[in-house]
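> I'll drop the sequence and a predicted model, then ask my questions.
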Amino acid sequence: MNWTARAALVVVLCGLGACATSRNSRPNPFTGEGVGGSPMEDEIRVEVQNLNFNDITVWAVRQGQRVRVGRVTGKTDQTFRIDWNLALPIYFVVDVTGGRGCRTQGVSVERNATVWLAVPSNVGASPCRIGRR
């Protein structure tokens, strides 16, 4: 291999390493760890009230993609912070451990919004509710 080919190989390998580093160093906007995923996203607060005896898993949905927000123990309340694109409405899918799940209607959000989600004790007979504060 001549000198020019070796130099080209080094440049390509350095470029691949830089791409891998920048892709893996970006934080996940739904974990609540660190703010600032995308410049178009702002942090919103999600208050979940679980009136069911079973534990639930809450998923935020945007553009057909379901992303896990968190888990809430039965008969407790919990607050999450997530980054959200304010141009998109937010709605939730709730999976109840050992039971039926539910899906909320969409609600629009604005900067520093607080969205609340109430999961009833009898999911299926009563709908999950969503609103803004």
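Great, that's in hand.
> Run through the residues that contact S108.
Counting by Cβ atoms under 8 Å, 6 or more residues apart in numbering, S108 touches P89, I90. Glycine gets a C-beta too; all of them are placed from N, C-alpha and C.
> confidence score at it?
Looking at S108, its pLDDT reads 94.
> where's it relative to S121, distance?
Per Cβ to Cβ, to the nearest Å, S108 is found 28 Å from S121.
> ok, now R111?
33 Å.
> more neighbours, these two?
S121 (13 against 9; other Cβ atoms under 10 Å).
> Ignoring the adjacent residues along the chain, who's closest to R111?
D42 (4.9 Å; Cβ to Cβ, 6 or more residues apart in numbering).
> Run a quick neighbour tally on D55.
17.
> contacts for the helix or strand encompassing E43?
E43 belongs to strand 41-50 when assigned by DSSP states H and E. Applying Cβ under 8 Å, 6+ apart, the contact partners of strand 41-50 are 29, 35, 56, 58, 60, 69-70, 72-86, 90, 109, 111-119, 133.
> Using PDB, write out every CA atom in that strand.
Provided in PDB are the C-alpha atoms of strand 41-50 (Å, rounded to 0.1, in the frame of the first residue of the first chain):
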ATOM      1  CA  GLU A  41     -37.800  20.500  21.800                       C
ATOM      2  CA  ASP A  42     -38.700  22.000  25.100                       C
ATOM      3  CA  GLU A  43     -39.100  20.400  28.500                       C
ATOM      4  CA  ILE A  44     -42.600  19.600  29.700                       C
ATOM      5  CA  ARG A  45     -43.800  18.100  33.000                       C
ATOM      6  CA  VAL A  46     -46.000  15.100  33.100                       C
ATOM      7  CA  GLU A  47     -48.000  14.400  36.300                       C
ATOM      8  CA  VAL A  48     -49.400  10.800  36.500                       C
ATOM      9  CA  GLN A  49     -52.000   9.800  39.000                       C
ATOM     10  CA  ASN A  50     -52.500   6.100  39.100                       C
END
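> And that strand, what's buried?
Buried residues in strand 41-50, counted by 16 or more other Cβ atoms under 10 Å: E41, D42, E43, I44, V46, V48, Q49, N50.
> what number of residues lie near V58?
V58: 22 neighbours (other Cβ under 10 Å).
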